[in-house]
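Novice: task: produce atomic coordinates for the following.
(chains A and B)
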Amino acid sequence: MTKPIAVDDATFDQAVLKSKTPVLVDFWAPWCRPCIMAAPVLEELAEEYAGKLTIAKLDVDQNAKTAASYNIMAIPNLIIFKDGKPVSQIVGYKPKAELKRDLDTVLK
Amino acid sequence: MSSEYEVIIIGGGSAGLSAGIYTSRARLNSLLIERGVAGGQIADAELVENYPGFADGISGLELGQLMQQQATRYGLETLQAEVTGVGLKGKKKVVKTTKGDFSARAVIIASGSERSKLGVPGEEEFSGRGVSYCATCDGPFFKEKPVAVVGGGDVAITEALHLVKFASKVKVIHRRDQLRATHILEERARAEPKIEFLWNSAVEKIEGEDVVKRLSLRQVKTGEKSTLDVAGVFIAIGFKPNTDYIKGFLPLDKAGFIITNEKMETKIPGVFAAGDVRLNSAQQAITAAGDGATAAIFAEKFLSG
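Specialist: Next up is the predicted model:
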């Protein structure tokens, strides 16, 4: 079973920016209820998109440097990186069906 | 997991969970479907101070978890999924979800409500870059920065009181010359040196470059325009019901709220509604819990009748 991976300030470059497969990074924090709501959906997506898209989670409370460099001012905040570049951003809690539509458009 | 139940409850906030406590204690085979976490909107609240029985207040997240524990103790089944559609005609009602279809003879709709948008230029554009609908989520990003809260009800004032922990200044922008918020919240806000009120004021536009920089305001009485420099704006002007998935299946009012009678019955026999999703709800955890209990009791009568 493919699960979301945890990334931090130290591993972000290697795990996200240098990744061969596109990576969706979930910028989240433990104080944020919609982030907790989104977590099980992201777990399902990690499984469903295994091989096509890596799902990564970055705790903005512990990793302020990376969060600040992407101007994160609201969470949950999902950014999809392709070849080291952000190509799509989804802010706020979105139902799974809507997320999948967005992902499919980006991955096409 | 079975796909047939006697009662299906849509939504796991205080209305849905209370309904679940009652239906499962009535030994009705019950399924509760929730897309997020137990408690619904109450889970956002740092401290709930007006729910009877908790004299020192209780965290909203904990209150939600306690309600869920109480309900599942009596056999309520819960499923985390999104409801995508319904079929309410006929004796057997169908609830379609992202995890399959389920049916029951009675359905209690308790899907609650979510924050309304302001509907001004810049709101979409800067969403997540200074525009926020959740102070408990996003407050920490505005340390030592000036922010605004738009609205004058309980949620707006609660957000302002939360934001003073982070922001340098909190301006509350309200269309009217007095608050709708509970008096005790107003007292606390007025005693808070970081909070200032801008009365009779409306936001016309949210402006910035990469991120929010300022708001264009209009004095609603005089029409006078002004600008206010802020790094963030928290929008708390009210709620819209989560009823998109039942549009066309159940009579709703213009704003999308479900019309019920005092037994929480909708126009369709066997379909009940409880809590914020209902027209004229008082939008409190305690009144939603009362609605849920009422709906459950009359659902039981419907099923045994």
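Novice: hey, what's B:Ala202 bridged with?
Specialist: Bridge pairing for B:Ala202 (DSSP bridges) gives the partners B:Arg218.
Novice: quick one: contacts for it?
Specialist: The contact partners of B:Ala202, by Cβ atoms under 8 Å, 6 or more residues apart in numbering or on different chains, come to B:173, B:175, B:217-218, B:220. For the C-beta atoms, the positions are set from N, CA and C on the backbone; glycine is no exception.
Novice: buried subset of these as a PyMOL selection?
Specialist: Selection of buried members from those for PyMOL, criterion 16 or more other Cβ atoms under 10 Å in any protein chain shown:
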select buried, chain B and resi 173+217+218
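Novice: now do the helices in chain A.
Specialist: Per DSSP state H, chain A carries helices over the ranges A:12, A:33-48, A:64-69, A:96-107.
Novice: what would the ones you listed look like in JSON lines with distance to chain B and mean neighbour count?
Specialist: Shown next, in JSON lines, are the helices of chain A (distance: least, Cβ to the nearest Cβ, whole Å; neighbours: other Cβ atoms under 10 Å in any protein chain shown):
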{"stretch": "helix A:12", "distance to chain B": "18", "mean neighbour count": "21"}
{"stretch": "helix A:33-48", "distance to chain B": "3", "mean neighbour count": "19"}
{"stretch": "helix A:64-69", "distance to chain B": "8", "mean neighbour count": "15"}
{"stretch": "helix A:96-107", "distance to chain B": "6", "mean neighbour count": "15"}
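Novice: would you convert those helices into JSON lines that also reports mean pLDDT?
Specialist: Output for the helices of chain A, formatted as JSON lines (pLDDT from 0 to 100):
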{"stretch": "helix A:12", "mean pLDDT": "97"}
{"stretch": "helix A:33-48", "mean pLDDT": "90"}
{"stretch": "helix A:64-69", "mean pLDDT": "94"}
{"stretch": "helix A:96-107", "mean pLDDT": "89"}
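Novice: next, format those helices as JSON lines and append distance to B:Leu47.
Specialist: Formatted as JSON lines, those follow (distance: least, Cβ to Cβ, whole Å):
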{"stretch": "helix A:12", "distance to B:Leu47": "35"}
{"stretch": "helix A:33-48", "distance to B:Leu47": "14"}
{"stretch": "helix A:64-69", "distance to B:Leu47": "26"}
{"stretch": "helix A:96-107", "distance to B:Leu47": "31"}
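Novice: out of the ones you listed, which comes closest to B:Ile42?
Specialist: Counting by Cβ to Cβ, B:Ile42 lies closest to helix A:33-48 out of these; the figure is 10.0 Å.
Novice: send the alpha carbons of that closest one over as PDB?
Specialist: Presented in PDB, the C-alpha positions along helix A:33-48 are these (Å, rounded to 0.1, in the frame of the first residue of the first chain):
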ATOM      1  CA  ARG A  33      -9.000  21.000  11.500                       C
ATOM      2  CA  PRO A  34      -9.600  21.100   7.700                       C
ATOM      3  CA  CYS A  35      -6.000  19.700   7.300                       C
ATOM      4  CA  ILE A  36      -7.000  16.800   9.600                       C
ATOM      5  CA  MET A  37     -10.100  16.300   7.400                       C
ATOM      6  CA  ALA A  38      -8.100  16.200   4.300                       C
ATOM      7  CA  ALA A  39      -5.600  13.700   5.600                       C
ATOM      8  CA  PRO A  40      -7.700  10.500   4.900                       C
ATOM      9  CA  VAL A  41      -8.500  11.700   1.400                       C
ATOM     10  CA  LEU A  42      -4.800  12.200   0.700                       C
ATOM     11  CA  GLU A  43      -4.100   8.700   1.900                       C
ATOM     12  CA  GLU A  44      -6.600   7.300  -0.500                       C
ATOM     13  CA  LEU A  45      -5.200   9.400  -3.300                       C
ATOM     14  CA  ALA A  46      -1.600   8.200  -2.500                       C
ATOM     15  CA  GLU A  47      -2.900   4.700  -3.200                       C
ATOM     16  CA  GLU A  48      -5.000   5.500  -6.200                       C
END
